[in-house]
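Trainee: Structure of the sequence below:
(2 chains)
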There are 2 protein chains.
Amino acid sequence: MAGDERAIGIAPVRPRVGFIGLGVMGRPMARHILDGGFALTVHSRSRGPVEELVAAGATAAQSPAEVARASDVIVLMLPDPPDVEAVLFGSNGVAEGASSGAVVVDMSTGDPLLARAWAARLAQGGADLLDAPVSGGEAGAIAGTLSIMVGGRADALEHARPVLEPMSGRIVHVGDSGAGQIAKAANQLVVGSTIEAVAEALLLARAAGVDPVRVREALLGGFAASRVLELHGQRMIDANWKPGARSALHRKDARIIQGLARSLGVPIPGFDQAADGYERLVERGDADLDHSALLILLEEQAGVRVAAAKEEDA
Amino acid sequence: MAGDERAIGIAPVRPRVGFIGLGVMGRPMARHILDGGFALTVHSRSRGPVEELVAAGATAAQSPAEVARASDVIVLMLPDPPDVEAVLFGSNGVAEGASSGAVVVDMSTGDPLLARAWAARLAQGGADLLDAPVSGGEAGAIAGTLSIMVGGRADALEHARPVLEPMSGRIVHVGDSGAGQIAKAANQLVVGSTIEAVAEALLLARAAGVDPVRVREALLGGFAASRVLELHGQRMIDANWKPGARSALHRKDARIIQGLARSLGVPIPGFDQAADGYERLVERGDADLDHSALLILLEEQAGVRVAAAKEEDA
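Mentor: Just a heads-up that it's a prediction; the model follows:
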């Protein structure tokens, strides 16, 4: 099949790849694609990352449309849904340049309903849109171990899969268009609520005079074990708020989650508490603290600090 | 040191053990102690388990005091704090029979402040009280793999440790008297809140038209991973409410957690939502459903079932 296509010149075996959005996440992701041996065309608002990738062998394009004209698979990694919408459907956008059969992979985190609408709109020109948000953060992007949650047609994912593999440790096809964003929303719901739970538990222990270090250790052996207890629990014990994932980003995700839940009539009373915490953190100017900083709000209310006794020990 | 003691006849190297409370948990726990080669004296309200253990080599005692008189280490596994208080300090209670130097190990889940008060009261007669609640449930009790969270003096734990080892996979000395119960409270807080989070996330996914099976799979690869997502998430997908741990028990724990948090001025807004769920489950007659049944309450509000599509698939 692939061989036939090559013979009659319809589609290349190895897709030409475009990448739009070379920020903190996008830059190392694009580099993995380049290192994977793909021809890569890039576009970004900032000059530095474009020049760096061009020096490594990529081609610079002047617009999203130009990227799309040069590519079979076009990857987007952008901050917010309005950015994605502009890059897709704005003047000189991807939709103007994408050929029929192209696969656009939007790896930004965003609204599932928008993802569905955009997919339908791109499909009018014969292109596929996969919503493919990731978890793993900057460290995962650099290491090439991102978890990718994919929504969209299975055929389109198979077309794009070789391009995704160099940057990922795990690719799950969750379902149709929007399903990747819904999985990411579910992921962020669980992460935010678990951060809140671990913060409450460690603070309760400390307020009751018990060392949170021992409590974390004891809990990791039982049903309370989680990656959040392991990683964010340690951050809380160290009062280490260097992100990681910024509270402002989790607030953005929280608004998407709450909007989705309200529109579907699904109660999320537990997560609403964490979401309220992210709103308050951003409002008071702590947008750039790691999302485990939900603890700080509780500490101030209780007048107790989880990390306090650690300083006393030192 | 141990050899010296044996030579001058002060204390046996291998403690004589008493066990009070041969219920669903206590019966297999006592059996592990007996199988570990300890001389065991037992007492329980129900005849059957006593007779079973006597047939296996244990000695039956007529009261907690009689158990205490025959034992160096006395293990308690009882349903509720009032039961523990009656066994310790009631007529013919442990306190009447315990010798100076005896170690009482209360493995029941209860109130940390009560544990401290009881320890102080027993100390007047020279006996130690360890609060040593477990996680792992009936399955862990049968397999001898319970996690034990211990509060109390380190010396007393070392004295009791050989008795605890046959029934446990992990023993963590969390801190002074009450610390074991506080760790258990923290554990149950995290477990309850994580169950609520996983329930909200899977229901949101289902309501948005996405298969919760795939979402669970995707989330297990990232920061949302937890034992609750793995185990209770699967229960939710299967609509399997056979306990496990009963909702009534988690309500009991929730009241202890909330009482402790209120008394210490620690806000636990996330867990309060799960606690409210357990109150409602018990009130409506679902006390005996597994604690993952928090999902049912959300499903009824949303008019959507997580397990629905699974039945459609079959």
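Trainee: what are the bridge partners for the residue sitting nearest the centre point of chain A, then?
Mentor: Centroid-nearest residue in chain A: A:Val134, 3.9 Å away (criterion: CA atoms, centre = their mean). Beta bridges link A:Val134 to A:Ile148 when assigned by DSSP bridges.
Trainee: That one against A:Met149, yeah?
Mentor: Yes. Using CB atoms under 8 Å, A:Val134 is in contact with A:Met149, at 7.5 Å. C-betas here are computed from N, CA, C, even on glycine.
Trainee: got any residues that touch both of these two?
Mentor: Residues touching both A:Val134 and A:Met149 (CB atoms under 8 Å, 6 or more residues apart in numbering or on different chains) are A:Lys184.
Trainee: Can you give me the distance of the residue nearest to the centre of chain A to B:Ala199?
Mentor: To B:Ala199, A:Val134 is 25 Å away according to CB to CB, to the nearest Å.
Trainee: ok, now A:Gly175?
Mentor: For A:Gly175 relative to B:Ala199 (CB to CB), the value is 20 Å.
Trainee: how about the nearest residue to A:Pro81 once chain neighbours are set aside, secondary structure?
Mentor: Setting aside the residues directly before and after it, A:Pro81 is nearest to A:Gly110 in space (CB to CB, 6 or more residues apart in numbering or on different chains), at 4.3 Å. With DSSP: H, G, I helix; E, B strand; the rest coil as the basis, A:Gly110 sits in coil.
Trainee: and A:Gly110, what does it touch?
Mentor: A:Gly110 neighbours (CB under 8 Å, 6+ apart): A:Asp80, A:Pro81, A:Val84, A:Asp131, A:Pro133, A:Gln181, A:Ile256.
Trainee: Let's have these in TSV, adding secondary structure, neighbour count and pLDDT.
Mentor: Listed next are the contacts of A:Gly110 as TSV, based on DSSP: H, G, I helix; E, B strand; the rest coil; neighbours: other CB atoms under 10 Å in any protein chain shown; pLDDT from 0 to 100:
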residue	secondary structure	neighbour count	pLDDT
A:Asp80	coil	13	87
A:Pro81	helix	19	91
A:Val84	helix	28	97
A:Asp131	strand	33	98
A:Pro133	coil	27	96
A:Gln181	helix	30	97
A:Ile256	helix	23	95
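Trainee: ok, A:Leu295 - contacts?
Mentor: By CB under 8 Å, 6+ apart, the contact set of A:Leu295 is A:Ala199, A:Leu202, A:Leu203, A:Met236, A:Val306.
Trainee: Then A:Ala248?
Mentor: Here A:Ala248 is in contact with A:Val282, A:Ala287, A:Asp288 (CB under 8 Å, 6+ apart).
Trainee: Next SSE downstream of the helix or strand containing A:Leu260?
Mentor: Assigned by DSSP states H and E, A:Leu260 belongs to helix A:247-264. If you walk from helix A:247-264 toward the C-terminus, the next helix or strand you reach (DSSP H and E) is helix A:269-283.
Trainee: tell me which residues of that next one are tucked away?
Mentor: Residues of helix A:269-283 classed as buried: A:Pro269, A:Gly270, A:Phe271, A:Asp272, A:Gln273, A:Ala274, A:Ala275, A:Asp276, A:Gly277, A:Tyr278, A:Leu281, A:Val282 (neighbour count, 16 or more other CB atoms under 10 Å in any protein chain shown).
Trainee: How much space separates A:Leu297 from chain B?
Mentor: As judged by CB to the nearest CB, to the nearest Å, A:Leu297 and chain B stand 8 Å apart.
Trainee: Spatially nearest residue to A:Ala307 (excluding sequence neighbours)?
Mentor: A:Ala307's closest residue in space is A:Ala239 (CB to CB, 6+ apart), at 3.8 Å.
Trainee: correction: A:Ala120
Mentor: Closest residue to A:Ala120 apart from its sequence neighbours, by CB to CB, 6+ apart: A:Ser177 at 7.6 Å.
Trainee: tell me the contacts of the one you found?
Mentor: By CB under 8 Å, 6+ apart, the residues touching A:Ser177 are A:Ala115, A:Arg116, A:Ala119, A:Ala120, A:Leu129, A:Asp131, A:Gly151, A:Gly152, A:Arg153.
Trainee: wait, is it part of a helix?
Mentor: No. Looking at A:Ser177 with three-state DSSP, it is coil, so not inside a helix.
Trainee: tell me the pLDDT at it?
Mentor: Per-residue confidence (pLDDT) for A:Ser177: 96.
Trainee: Quick check: phi and psi on it?
Mentor: Dihedral angles of A:Ser177 (phi, psi; degrees, to the nearest 10) stand at phi -50, psi 130.
Trainee: same question, A:Ser168
Mentor: As for A:Ser168, its main-chain torsions (degrees, to the nearest 10) stand at phi -130, psi 150.
Trainee: my guess is it meets A:Ile148, correct?
Mentor: Yes. Assessed by CB under 8 Å, A:Ser168 is found in contact with A:Ile148 at 4.9 Å.
Trainee: Those two: which has the busier surroundings?
Mentor: When A:Ser168 is set against A:Ile148 and neighbours are counted by other CB atoms under 10 Å in any protein chain shown, the residue ahead is A:Ile148, at 30 against 23.
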